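*Asks:* mind folding the following:
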Amino acid sequence: MNRKTGWTIAGLGVAVLAILLITASLQNGDEQTVDVKQLVQDYSLGKIQSHSASITSHQLIVMDSGKSQVTYDLPEEEFFVSIAPYITETHSCAIHSLTGCRGEMANETFQVYIEDEAGNVVLDETMQSYANGFLDLWLPRNQTFRVEITHDGRTQTEVISTYEGDDTCITTMQLI
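*Replies:* Model prediction:
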């Protein structure tokens, strides 16, 4: 085998290796979406307590005790929003802190009804708030929704949207 043939074979080997690495990276990107949603749920449930975590319209931002920050992109087609219905006490919030925000109605059962602008039902089910008093939802991005929450005969309706920069923490739904 001459030198030219050896370099050609080596070049092909490098190209094949690069293609394999790119393919593996793309496949891992799909897995990260599932992992990010699981991470969000784990923080909401208090399963992970050694970090601080907040969630914007496009990223989960995790900071450890050493102040190192890691960000995870959220799914392209889904928007995370956390709602804390309340009767008497609330706090103002725009960016939800998965590890810090607390609502007054922890572990309560709610009827949650959501429809899009065209009147299509997106969600109609009974949900239980987490120990932090919030209901976590993943909704389609770039839409506007009418959200109605009912608990023990008290109801509140609010319009929310899921566009870039929109709030991920809704603490304005006072049940009356």
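*Asks:* helices and strands of this structure: which one bottoms out on pLDDT?
*Replies:* One helix or strand of the chain scores below all others by mean pLDDT, DSSP states H and E: helix 3-44, with a mean of 56.
*Asks:* any low-confidence regions in the chain?
*Replies:* Scanning the chain with the threshold set as pLDDT under 70 gives 1-34, 50.
*Asks:* what are the ranges of the strands in it?
*Replies:* Ranges of strands within the chain are 52-55, 59-63, 69-73, 78-83, 96-97, 109-116, 121-128, 135-140, 144-151, 154-161, 169-170, based on DSSP state E.
*Asks:* neighbouring strands - and their directions - for the first one?
*Replies:* In this case it means strand 52-55. strand 59-63 (antiparallel), strand 96-97 (antiparallel) (DSSP bridges).
*Asks:* same deal with the third one?
*Replies:* Strand partners for strand 69-73, identified by DSSP bridges, are recorded as strand 59-63 (antiparallel).
*Asks:* and if you look at the fourth one?
*Replies:* In the sheet containing strand 78-83, its partner strands are strand 135-140 (antiparallel), strand 169-170 (parallel), by DSSP bridges.
*Asks:* can you pull the contacts of Lys37?
*Replies:* Pro75, Glu78, Trp138 (C-beta atoms under 8 Å, 6 or more residues apart in numbering). Quick note: C-beta positions are derived from backbone N, CA and C, even for glycine.
*Asks:* repeat the analysis, applying 10 Å as the threshold.
*Replies:* Leu60, Tyr72, Leu74, Pro75, Glu78, Phe80, Asp136, Trp138 (C-beta atoms under 10 Å, 6 or more residues apart in numbering).
*Asks:* what's the farthest-apart pair in those residues?
*Replies:* Tyr72 and Asp136 (15.8 Å; C-beta to C-beta).
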